[in-house]
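K.L.:
Next one to model:
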Amino acid sequence: SAGIKLRNFRSSGGEQVSFAITNKEKQFLIRKQVCDSIVIQNEIPDTVAKTYPWEKRFMWTFDNLGPVVIPAKGLTINLNADTYPLYRKVINSHEGRKLTYNDSTGQYAVNGEVCLTYTFTQNYYWMMGDNRHSSLDSRGWGFVPEKNILGKAWLVLFSKNEEGFHWHRILKRIA
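P.N.:
Okay, the predicted model is just below:
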C-alpha cells in the first residue's frame, strides 16, 4: 500500500470517483493499474475563497485543509510568509495586538515593533460542525479563543450516517 488516504472523496454516480491525491500517490495508482484513467483537475474550487485563511495560495477547501498548528498559550511561531496569513486574524482580533507586514522592508511588526517571532497568550480551539458540507465552523472562520467557548456538549441529540440512525446513541449522555 502507498498509504493513500481518500481525502476530498466524492462519487459522481456510476464508476467515476474523484478525490485529492498527491503526485506520488497518482504515480502509485498508475504503476499499479488500479484504475482505467486519472484525470487531473487543476481549477481552483469555489470554496477556496471561503476557507480559512481565505488565501488562494493555500488552495485549502472545506474538504481538504491543512496541515495547520492550532495556537496555544506559550506557543512561539516564526513570523514569515506562511504563518502571517494563518495567524494574523488571531493576533489582531483576539490577542489584542496589531500584527503588520511592511512590503518595502519585508519585516513583520507587532504593535509597531519589528519581530521575528510571536508567542501566543491564550489557548485556541478548532471547532468542527457535524454536517461536513453545511457546517459553519473553523474551516470558515478560523481559530476560536478558549474564552469564547461558553458551553459543553452533554447529550447526543441525533446520530445518523449512510447506514441509518444510530438509535442506541440518541438522547444518551456524553461522558
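
K.L.:
what about the most centrally placed residue in the chain, distance to Asp36?
P.N.:
The residue lying closest to the centre of the chain (Cα atoms, centre = their mean) is Leu65, at 3.9 Å. Distance, Leu65 to Asp36, by Cβ to Cβ, to the nearest Å: 29 Å. (Glycine included, C-beta is placed from N, CA and C.)

K.L.:
what do you get for Gly151?
P.N.:
50 Å.

K.L.:
Repeat that for His166.
P.N.:
The value you get for His166 to Asp36, if Cβ to Cβ is used, is 36 Å.

K.L.:
Looking at those two, which is more packed in?
P.N.:
Neighbours per residue (other Cβ atoms under 10 Å) separate His166 from Asp36, with His166 holding more: 13 against 7.

K.L.:
Please give me every residue in contact with the more buried one.
P.N.:
Counting by Cβ atoms under 8 Å, 6 or more residues apart in numbering, His166 makes contact with Ser159, Lys160.

K.L.:
Equivalent analysis for the one 5 residues further on, please.
P.N.:
With contacts taken as Cβ under 8 Å, 6+ apart, Leu171 has the following neighbours: Leu155, Val156, Leu157.

K.L.:
so can I have CSV of those residues showing secondary structure and neighbour count?
P.N.:
Below are the contacts of Leu171 laid out as CSV (DSSP: H, G, I helix; E, B strand; the rest coil; neighbours: other Cβ atoms under 10 Å):
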residue, secondary structure, neighbour count
Leu155, strand, 9
Val156, strand, 14
Leu157, coil, 10
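
K.L.:
now the longest helix anywhere in the chain, how far from the centre of its chain.
P.N.:
Counting by DSSP state H, the longest helix found in the chain is helix 23-32. The chain centroid and the centroid of helix 23-32 are separated by 25 Å under Cα atoms, centre = their mean, to the nearest Å.

K.L.:
Okay then, goodbye and thanks.
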